[in-house]
Each structure stands twice: as structure tokens, then as C-alpha cells.
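[1] Here is the input, now give the coordinates:
(chains A and B)
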Amino acid sequence: MKKSGVRTVVRHSVLHLVLIAGAIIMLFPFLWGISTSLKDMREVLSSPFSLIPKNITLVNYANVVRSIPIVRFFINSVIVSAAITVSQLFTCSLSAYAFARLRFPFRDGLFYILLGTMMIPQHVIMIPVYIILNFFRLIDTYAAMIVPFISGAFGTFLLRQFFLTIPKELEEAAILDGCGHLRFLFKIMLPLSRPILATLAIFTFMWSWNNYLWPLIVTNRIEIRTLQYGLAMFKEEGGLNWGQLMAGTTIATVPILALFLVMQRQFIQGITLTGLREG
Amino acid sequence: MSASKYRGSDIKSAVLLILPTYLVLFIFIIIPIFFAFFLSFNKWNLLGSMKFVGISQYKKLFASEEFWKAVTNTFYYSFITVPVGILISLFLAMLLNSKIRGIQIYRTIYFMPVMTSVIASAFIWQWIFQSQNGILNYLIGLIGLKPLSWLNEPRGILTVIFRSIGVTIPKWLGGPSVTLVAISIMTIWKNTGYYMIIFLAGLQNIPRSLYEAAEIDGAGKVKSFFAITLPILSPTTYFVLIMSVIVSFQVFEQVAVTTQGGPLNSSLVLVYFIYQKAFKFLEVGYASSAAFILFAIVLALTFFQVKLLGKRVHY
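    Predicted structure coming up:
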């Protein structure tokens, strides 16, 4: 008994050592970025390196805020990501409900088309989508960043799979009570589907917040740039001032990391749910 | 039983419910994919008139050294990031699958890079990789290694390694450029946490009683890993493999914001090639042919994995 207790302690200590080493590698780039952002220009380029700045300064942050409208970029990112997320939740719930609960002609065929579209990489169709948006004179507007993503195959698929697990008896009782499909969806199905809706919301928000390619292609005006694009332009135009670049990167990263830390249970549960869909 | 399989009211509701989603799919995915296919046979610069050129743009691609460079680099990138990423994430997931204290904290830390945008991570890593003043060169200097221009070194990684011990190897044996390896390293750092969580979920679904039974039968840790863990985990591994291959062929942002494909095209990847041709040089048709080759490669690889591995997966 005692011997196995000692063995467990040793085993756990080794495990912790390996895990801590891994954690240091994972955390180090963040810490190094933040540390650099708090150093003055001389210290940034000085050797030997120190993780903790000798003179902590906010001058880099001040310079970023002065030289680019980073607050504006931030608001733009919020607008675009929130609009995409809210509309995806809405439209995907509707279509997922139809596939999970209604019987209509060509249902299976339409569903296979939906699954097929998930196989198509964004990069294969980006040129035509650009041309289509250009045709509708939407290039360089918020709409160009939002409209192509207001619904999606992935969201529909994810929600449909979940709706299928909700017992049908509920629905029959509700329909007998004279409850229409829409009311049933919003009053009963959606409240029961909170975990999966949270998953979809998180994924969609994270994806659009971090999206760089699309805003890069469809926008030119500085006022509607999102944070990722704004940050990349800042680097390209401002030369390599690492202190400032790290300050900008920190500003762009902290909100999404904070959101993650607050909602990490849902995040991890969400990943788990999607990862296991094949299994 | 009514004569029709469907209720009229159901059909009407269904049409209304799926309409928004199918409008989006139709306008922004289905029309574009046919349009892209059509464009790949036409020469067009977005402004002037379109000219049908048959398969000549595909021929031009196959004759283009730059294009083959992009294809080779993308395959190299995939060969590095997929296996290394899967091994590391599986290893971490197995460590985290034991009942030890602080597991939540580790999980959170390992997952943080996943939340960070590719742009932000690329900037931080570019700073780490700087040849002058970069911390990585400083650190490898401490153990006596020579500094490298991580993101500005077109020579193959093997060339550089063998060179450092005084051996010169032929150029075609040099492997991916140091720059491409550096880009792969930052990607592995960024994505490991995601696959780790998926593996962890798979591992937690394996009943403990199986291991206990194996232990009673006298099976060691290694044996039960191969006899229990790997087979039961196979659907998860299969999913992670297919996903990560698809994702690896779409690499773009890391390259776009750090090296722009350079130096000497040594980090040029397919999507960056397409982007450059389409939006910098306005060779929209040519870019579309390249995009279709990318699509064909991804489809073929996915099909290959499904055929080859699908039967071996235990559900």
C-alpha cells in the first residue's frame, strides 16, 4: 500500500514536470510578446534578454493608439463578428429544424448538397465571391464582410444533429396544443439546445474575429478595417518596430483570450461536441 | 394514411425555413464553385473582356516552376505539421488524461494559442525568430549553436544541419527550407491545443474497466496502449487526421504576414500563390485553375484516407 503510494507521488511529479515544461513553451510567446510591448525601444533591442522589463513603459501602447485607429478596428471587428454570429444562430436554427423535424420533397438530396458544400475550401471560391460582391456594388462595405457568412452548412449540420436527439414526443404534444413550428422551435427546441447553440456561437465568433483573408480581399477603406487586417497593415506600413507591433498584437489578442477564460467550459465542451461528431 | 407522403403545410414551412440558408449557399458557394471552374478555362483580368483559352492555363501551371515550388512546399508543410501535430497533441492528451491536480490549468494554457489569431501568433513568432535580436537565436547560442535567419533562409533544413557538421549534401536532398520549417513550428504551436482537446475527449470515453481487465490479464502499459487505447481512439485519430490534412493545405495567413512566400519562393504555398495571382496580378482565370488543382489535391487526399483508413477504424 505504502509502496504504491510512493510510486504514485513519483509518477505524478514526473508528469507535472513534463506538463510544466510544455506549459512554459505554450505560454512563453505570449509572455515574451507582452514583455516586449512594455519595453522602450532601446531595451527591446538590447542583449542579454530579460523577460521582466527594467523600466516598464506604456509608450508603445500610446504610439499604437496614436498612429492607427485601433479602437475603430476593434469596434469594426465586434460589429462584423457579432452580426455574423447572431445571424448564423438564427438562420441555421431554422434550416436545422426543417431537416430534423419536417418531411418535404428532396429533403435528403438537399441535405447532401449542404454537406457537399462543406468540402469546398474558401480559397477555391474566393475569386467568384469577390466578383459577385463587386457586381452588387458591395465591395468596401460592412456587408461584404458579413453577408457571405450569414448562414452556413456547418452550423446547420451541427444543430440538426443535436435537434435529432431531442425526443419527438415533445413536438407532437406541442403541435396538438396548436403550437406552430416557429413557436415550437423558439419556445421549446432552442432552450433545450443551449449547449450546442453556445458552441456554434463561440466557433462562429472566434472564426470571424480571427479572419484575415476575407476583410483583406473585400475592403480598402481604413475606417472599416477589422482588427486583424488593421494590425497587418500597421506592420506593413510602420516598419519593424517590435515594441509597437507587440503592443498592437496584445491589444488585439487580449479580448478574445479574456472571452475564452470566462467561457472556457463552454469552449472546451463545444470542441468536444464537434470533435466527437464522427465518432 | 393520407395519399401523399408529405403534409402541404410542412412543405410550405420547410421551404421558408431553409430559404435563407440555401440562398447563402447558392449565391456564395454553389454558383461560385461553377463560376470558378468556368474561370479556370478563361483568361480574365477582372476589368477587360474574358477570353476562352481552354486548358492552356492548366498547361501553363504545370509548366511553371513557381507553381511546382508552391505545390512542393505545401506538401512539405503538410508532411511536417500533420504528423508532428498529431503526435504532440496525442501525447499531451494522454498525459492530461490521468487524474492529477491542476489538469484544468494545463488544459487552459495549452488551449490559449488556439484562441489567438494566426496574425497575432505570426507576429509574435516572427519576433522570436528574428535573426538579429531574436530570442530564439540567443537561446540556441547559449547551447553553442550558430544563429540562423529563421524566416529568411531559403536553404533546406537538412542542408543546413549537415553543413553545420561539415557535410555537404545535394540540393534535392535538402528538404523544406528553414523558413518553411519555422512557419511549421509556429503553426504546430498554435494548433496543438485544439487536437489535444479532441483526443482528450476520445480518451475520456474509454471505460477504465478495460484497462483494469487488461492489468489483471498481466498486460503492461505499452501493451494496453496498443491493444486498447489506439483501437478505441481510432475514430478520433481518423477525424483529426482528415481535418488536419485539409487545414494544412489551406495555409495562408502565416505566410502572407511574415515572408510573403520568400525568400526565393522557399515558403511559397498554394493558397498564397492563388491569392497573389488573383489579387495582386489580377490573373483571375489563371488563379482559378490553380485553385481547382488545390481543390483536386485536397479531395484526392481525403478520398484516399477514407478508402485506405476508413475500414480500419473501429467504431
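
[2] in the chain, which ranges drop under the pLDDT threshold?
    Going with chain A. A:1-3, A:48, A:176-178, A:271, A:273-279 (pLDDT under 70).

[3] The chain in question should be chain B.
    Within chain B, the segments meeting pLDDT under 70 span B:1-4, B:314-315.

[4] hey, where'd the strands end up in it?
    Ranges of strands within chain B are B:42-43, B:51-52, based on DSSP state E.

[5] Spell out which residues make up each domain of chain A.
    A:2-57, A:62-275 (automatic domain parsing).

[6] circling back: for residue A:9, which of the strands of chain B is the nearest?
    Closest to residue A:9 of these, according to CB to CB: strand B:42-43, at 70.1 Å. The way it works is simple: take the backbone N, C-alpha and C, and place the C-beta from them, glycine included.

[7] So is stretch B:259-271 next to chain A?
    Yes - judged by CB under 8 Å from any CB of the partner chain, stretch B:259-271 and chain A are in contact via residue B:271.

[8] Next, the distance between the ends of that stretch.
    14 Å (CA to CA, to the nearest Å).

[9] Now tell me what touches it from outside.
    Residues outside stretch B:259-271 that contact it (CB atoms under 8 Å, 6 or more residues apart in numbering or on different chains): A:123, B:66, B:69-71, B:73-74, B:77, B:151-154, B:177, B:179-180, B:183, B:249-252, B:255, B:272-273, B:276, B:290, B:293-294, B:297.

[10] Out of the domains of chain A, which is the most enclosed?
    Among these, domain A:62-275 has the highest mean neighbour count (mean count of other CB atoms under 10 Å in any protein chain shown), at a mean of 19.

[11] if I pick the residue nearest the centre of chain A, what's in contact with it?
    The residue lying closest to the centre of chain A (CA atoms, centre = their mean) is residue A:206, at 0.7 Å. By CB under 8 Å, 6+ apart, the residues touching residue A:206 are A:256, B:115.

[12] helices and strands around the longest helix belonging to chain A, which ones?
    Counting residues, the longest helix found in chain A (DSSP state H) is helix A:2-37. Counting contacts by 3 or more CB pairs under 8 Å, 6 or more residues apart in numbering or on different chains; DSSP states H and E, helix A:2-37 is packed against helix A:242-262, helix B:65-96, helix B:103-115, helix B:118-129, helix B:178-204.

[13] So for residue B:49, which of these sits nearest?
    Closest approach to residue B:49 among the helices and strands packed on helix A:2-37 is made by helix B:65-96 (25.7 Å; CB to CB).

[14] so the closest one versus helix B:178-204, what angle?
    40 degrees (axes from the mean of the first three to the mean of the last three CA atoms, to 10 degrees).

[15] For stretch A:238-252, what is the distance to the chain centroid?
    22 Å (CA atoms, centre = their mean, to the nearest Å).

[16] Convert the C-alpha atoms of it to PDB, please.
    This file holds the C-alpha atoms of stretch A:238-252, laid out as PDB (Å, rounded to 0.1, in the frame of the first residue of the first chain):
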ATOM      1  CA  GLY A 238       5.100  51.100 -39.800                       C
ATOM      2  CA  GLY A 239       8.200  49.100 -40.400                       C
ATOM      3  CA  LEU A 240       9.500  46.700 -37.900                       C
ATOM      4  CA  ASN A 241       9.100  48.400 -34.600                       C
ATOM      5  CA  TRP A 242       8.800  45.400 -32.400                       C
ATOM      6  CA  GLY A 243       7.700  47.100 -29.300                       C
ATOM      7  CA  GLN A 244       4.800  48.800 -31.000                       C
ATOM      8  CA  LEU A 245       3.900  45.700 -33.000                       C
ATOM      9  CA  MET A 246       3.700  43.600 -29.800                       C
ATOM     10  CA  ALA A 247       1.600  46.300 -28.200                       C
ATOM     11  CA  GLY A 248      -0.800  46.200 -31.100                       C
ATOM     12  CA  THR A 249      -0.800  42.400 -31.000                       C
ATOM     13  CA  THR A 250      -1.500  42.400 -27.300                       C
ATOM     14  CA  ILE A 251      -4.500  44.800 -27.800                       C
ATOM     15  CA  ALA A 252      -5.900  42.500 -30.500                       C
END
